[in-house]
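Participant: sequence first, predicted model second:
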Amino acid sequence: MISMIRIDDRLLHGQVAFVWAKYLGVNRIIVANNSVVKNDIQKMSLKMAVPDTTKCSILSIDEAVNVLNDPRAKNLKILIVVNNPEDARRLIEKVEDIPFVNISNYGLLSSDLSAKKKVTDTIYLTEEDIEEFNKIFKYGKRVEYQIVPTGQMKLLEILLEKN
């Protein structure tokens, strides 16, 4: 069973691997990223961020789709982590059981912030990002902005309307 998909520039770090994973009670984290899967050093450093009680797989988007659609995945509690809305959308298109998307810490690490729309203190979006989120909304998926589980949750769709 998929608990949620998280969009976060940094992919795995303490906030995701410990706080969110514990809150959701997951026993598996899947990092879905076509670049990271080719970089052994980055894969090793991401896996070091995961608690011993949780298995971590770093897969390409297509590999993640195959694993998530395998009937055996229903017996697991899975947190999916991606670092961009396009990858989230690609997973949503091909995997039925994704309940919702969580986003935080996105858009700060790449390119010129002045060319992006500031949605919150931790989310900066390009026009392309907004188009991807509009596609996700059309799939009927809720996108929640929430930094940590104990923090206030706001719907990204409403935040985009306000900005």
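Facilitator: Happy to help now that I have it. Numbers count the residues shown, from 1 in each chain.
Participant: ok, and the closest non-adjacent residue to Met153?
Facilitator: Gln146 (4.3 Å; Cβ to Cβ, 6 or more residues apart in numbering). C-beta: built from backbone N, CA, C; applies to glycine.
Participant: residues contacting that neighbour?
Facilitator: By Cβ atoms under 8 Å, 6 or more residues apart in numbering, Gln146 lies in contact with 102, 104, 152-154.
Participant: which of those residues has the largest number of neighbours?
Facilitator: Asn102 (26 neighbours; other Cβ atoms under 10 Å).
Participant: quick one: residues contacting Glu144.
Facilitator: So Glu144 contacts 100-103, 153-156 (Cβ under 8 Å, 6+ apart).
Participant: what's the pLDDT at it?
Facilitator: With respect to pLDDT, Glu144 scores 98.
Participant: how far away is it from Cys56?
Facilitator: Distance from Glu144 to Cys56, counting by Cβ to Cβ, to the nearest Å: 23 Å.
Participant: for Leu155, phi and psi?
Facilitator: phi -80, psi 130 (degrees, to the nearest 10).
Participant: can I assume it is in contact with Phe137?
Facilitator: No. Leu155 is not in contact with Phe137 according to Cβ atoms under 8 Å; the separation is 9.8 Å.
Participant: name the residues contacting each of the two.
Facilitator: Counting by Cβ under 8 Å, 6+ apart, the residues touching both Leu155 and Phe137 are Val143.
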